[in-house]
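In: I would like the atomic coordinates for the input below:
(one chain, ligands or ions: 2)
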Amino acid sequence: MTLVSADVIRSRFSAAMSAMYRDEVPAYGTLMDLVGQVNAAVLAADPTEAARLAANDDLGRISEERHGAIRVGTAAELFTMRRLFAVMGMQPVGYYDLSEAGVPVHSTAFRPVGEAALKRNPFRVFTSLLRLDLIGDAGLRAEAAGILAERQIFTPGCLALIDKAEAEGGLSEADASRFVAEALETFRWQPRANVSVEMYARLHDAHRLVADVVSFKGPHINHLTPRTLDIDAVQRLMPAHGITPKAVVEGPPTRRCPILLRQTSFKALQEAVDFRQGDGWATGSHTARFGEIEQRGVALTPRGRALYDKLLADTRKVARPAADGANAAEYVAALEAGFAAFPDDWAAIRQQGLGYFTYSLTDAGLAAEGADTRDFEALVARGLIRFDPIVYEDFLPVSAAGIFQSNLGDGAAQTFVASPNQQRFETDLGAAVLDEFAHYAAIETASRQACLRALSARRA
Ligand code: OOG
Ligand code: NI
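Out: Ligands and ions are numbered 1, 2, ... in the order given. Model (predicted):
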């Protein structure tokens, strides 16, 4: 029997999720259209960049590209979520501790790994596990754990297909279609809560995020994020399209050579929810679902990342973005001043070992006969080998915290003692998370070796 590739299942799932979210949250559709227009304008205005993206086979993925986020409540849910995403070729990459930023979760990102899979479809899901251990009220903690223990967030059909995919190494065409439909159910918005309005209020008082996870039958997808080539333009154009963005863009400032990830979001919608009341239902509301856009730049090496973290921390000592946007201009100015210390041209970023790049032969390299392959840098300098930034595929904890906070409301600021616990997270997940740096380094090394092999073959 022929099995459908995991990449194909992921592409179909990502498209199905996008259609569902467009339906449920119309502002997401508006944002998608706006991002499409801005991306088309950027490419039209910069034919060199368009040609570079086309040559690297990266042009096709941009308009298809998105990430989403969910929050699960128990170790068992996280464990099965890992198995579900594995059917679509998505592995847990990275560990993010959000407790430090006042959000009682820790997280990973499920995403494809490897160049070919990323080019096919880079869909990612930022997945957080609620940490009830950080909630002070022991009684409430036990009640919340009890509610979570009773829910089943996966359909029986989905669970059976995960088992089947694991046993048979993949799914047939018919099973893959069923899997996409069944898996989608887990991420759907549930307008009927699992709890009474009183319980919801108690959970909400402990932390809005606790209410968001515990009160519902499943981990509704809380945002989907298209990738834009010019986040400042989209941010500027959002209000004219009836969308109010958060005050500041998270991440590095505007640069000629984008690094890592810049993100901005629009505020969560207030949605009607039916809460349990006696034998019936009482209508209330909940805010959880929002929209976000992102612009991705070069993946940084540990050294580049350390410089990024330092410059961001220094900036935030000077100005911390206020939730209401009061000091937005001051923050942006401080950020720009701080990041003047981060080189803003590709050659310098590469030479100083701050970013990861892929290498390929130029036309001159393809035509060269008898190049000396012992000195790699000389081949770059002679123009036989070119370099292109590797796109950062992961997330940033400070930015993620900013995105969480902007959707928790201004009164929600709360502090927890920073308590990263990667070991606990990995035990719950049932697997170790992959190290993002090792993965980018491997892509870079493979491209270097491929260039050298091609040049040596020509010499013989
Ligand atoms: C996830 C927030 C993090 C991002 O893009 O950094 C995130 C959440 O609110 O559940 O999606
Ligand atoms: Ni996000």
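
In: number of residues surrounding residue 195?
Out: Here the count is done by other Cβ atoms under 10 Å, and residue 195 has 19 residues near it. No exception for glycine: its C-beta is placed from N, CA and C like everyone else's.

In: which residues does the closest residue to ligand 2 within the stretch 251-400 of the chain contact?
Out: Nearest residue of the stretch 251-400 of the chain to ligand 2, counting by Cβ to the ion: residue 292, 4.7 Å away. Neighbour list for residue 292: 223-225, 263-266, 403 [criterion: Cβ atoms under 8 Å, 6 or more residues apart in numbering].

In: secondary structure element for it?
Out: Taking DSSP states H and E as the criterion, residue 292 maps to strand 291-296.

In: which pair of the contacts of residue 292 spans the longest distance?
Out: The largest separation in the contacts of residue 292, counting by Cβ to Cβ, is between 224 and 264 at 14.3 Å.

In: so which bits of this structure are right by ligand 1?
Out: 69, 71, 126, 128, 222, 263, 292, 395, 399-400, 403-404 (Cβ under 6 Å from any ligand atom).

In: pick the one among these closest to residue 34.
Out: Nearest to residue 34 among the residues of the chain next to ligand 1, with distances taken as Cβ to Cβ, is residue 292, at 12.9 Å.

In: against residue 268, how distant is the closest one?
Out: As judged by Cβ to Cβ, to the nearest Å, residue 292 and residue 268 stand 11 Å apart.

In: again, but for residue 11
Out: 28 Å.

In: ditto for residue 296
Out: For residue 296 relative to residue 268 (Cβ to Cβ), the value is 23 Å.

In: now render the residues of the chain next to ligand 1 as a markdown table, adding secondary structure, distance to residue 34 and pLDDT.
Out: Shown next, in a markdown table, are these (DSSP: H, G, I helix; E, B strand; the rest coil; distance: Cβ to Cβ, whole Å; pLDDT from 0 to 100):
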| residue | secondary structure | distance to residue 34 | pLDDT |
| --- | --- | --- | --- |
| 69 | strand | 20 | 96 |
| 71 | strand | 27 | 97 |
| 126 | strand | 22 | 97 |
| 128 | strand | 27 | 97 |
| 222 | coil | 20 | 93 |
| 263 | strand | 15 | 95 |
| 292 | strand | 13 | 92 |
| 395 | coil | 23 | 96 |
| 399 | helix | 21 | 88 |
| 400 | helix | 23 | 89 |
| 403 | helix | 19 | 84 |
| 404 | helix | 23 | 82 |
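
In: contacts only, for residue 331.
Out: Counted by Cβ under 8 Å, 6+ apart, residue 331 has contacts 248, 315, 319-321.

In: now those: which count as buried?
Out: 248, 315, 319, 321 (16 or more other Cβ atoms under 10 Å).

In: these: which two are farthest apart?
Out: Spanning the widest gap among the buried ones among the contacts of residue 331 are 248 and 315, at 11.2 Å by Cβ to Cβ.

In: residue 405 and residue 207 touch, don't they?
Out: No: using Cβ atoms under 8 Å, residue 405 makes no contact with residue 207, being 11.8 Å away.

In: and the residue nearest to residue 149 when sequence neighbours are not counted, backbone torsions?
Out: In this structure, residue 149 finds its nearest non-sequential neighbour in residue 74, 7.0 Å apart by Cβ to Cβ, 6 or more residues apart in numbering. The phi/psi pair for residue 74 (degrees, to the nearest 10) reads phi -140, psi 160.

In: can you pull the buried residues of the longest helix seen in the chain?
Out: The single longest helix within the chain, with elements called by DSSP state H, is helix 436-459. For helix 436-459, burial by neighbour count (16+ other Cβ under 10 Å) applies to 436-437, 439-441, 443-444, 447-448, 451-452, 454-455, 458.

In: how near is the residue lying closest to residue 113 once chain neighbours are set aside to residue 97?
Out: Nearest non-adjacent residue to residue 113, counting by Cβ to Cβ, 6+ apart: residue 91, 5.3 Å away. Going from residue 91 to residue 97 by Cβ to Cβ gives 19 Å.

In: could you do residue 163 as well?
Out: 32 Å.

In: what ranges do the helices span in the stretch 201-350 of the chain?
Out: 208-214, 231-237, 302-318, 328-338, 346-351 (DSSP state H, counting those that start in this stretch).

In: let me have the ones you listed in TSV, adding mean pLDDT as columns.
Out: Shown next, in TSV, are the helices of the stretch 201-350 of the chain (pLDDT from 0 to 100):
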stretch	mean pLDDT
helix 208-214	94
helix 231-237	94
helix 302-318	95
helix 328-338	93
helix 346-351	97
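
In: any idea which of those helices is most buried?
Out: For the helices of the stretch 201-350 of the chain, the largest average neighbour count (mean count of other Cβ atoms under 10 Å) is found in helix 208-214, namely a mean of 25.

In: just the CA coordinates of it, formatted as CSV?
Out: What follows is helix 208-214, C-alpha atoms only, in CSV (Å, rounded to 0.1, in the frame of the first residue of the first chain):
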residue,chain,number,x,y,z
ARG,A,208,-6.6,34.2,32.8
LEU,A,209,-4.6,31.5,31.2
VAL,A,210,-5.7,28.9,33.7
ALA,A,211,-9.3,29.7,32.8
ASP,A,212,-8.5,29.5,29.1
VAL,A,213,-7.1,26.0,29.4
VAL,A,214,-9.2,24.4,32.1
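
In: residues touching it, excluding its own?
Out: 71-73, 103-105, 130, 132, 135, 144, 147-148, 194-195, 200, 203-204, 219, 222, 286, 288, 404, 408-409, 412.

In: in strands only, show me those residues.
Out: Residues of the contacts of helix 208-214 located in strands (DSSP state E): 71-72, 105, 130, 194-195, 286.

In: of those, which is the nearest to ligand 1?
Out: Of all those, ligand 1 sits closest to residue 71, with 5.2 Å by Cβ to the nearest ligand atom.
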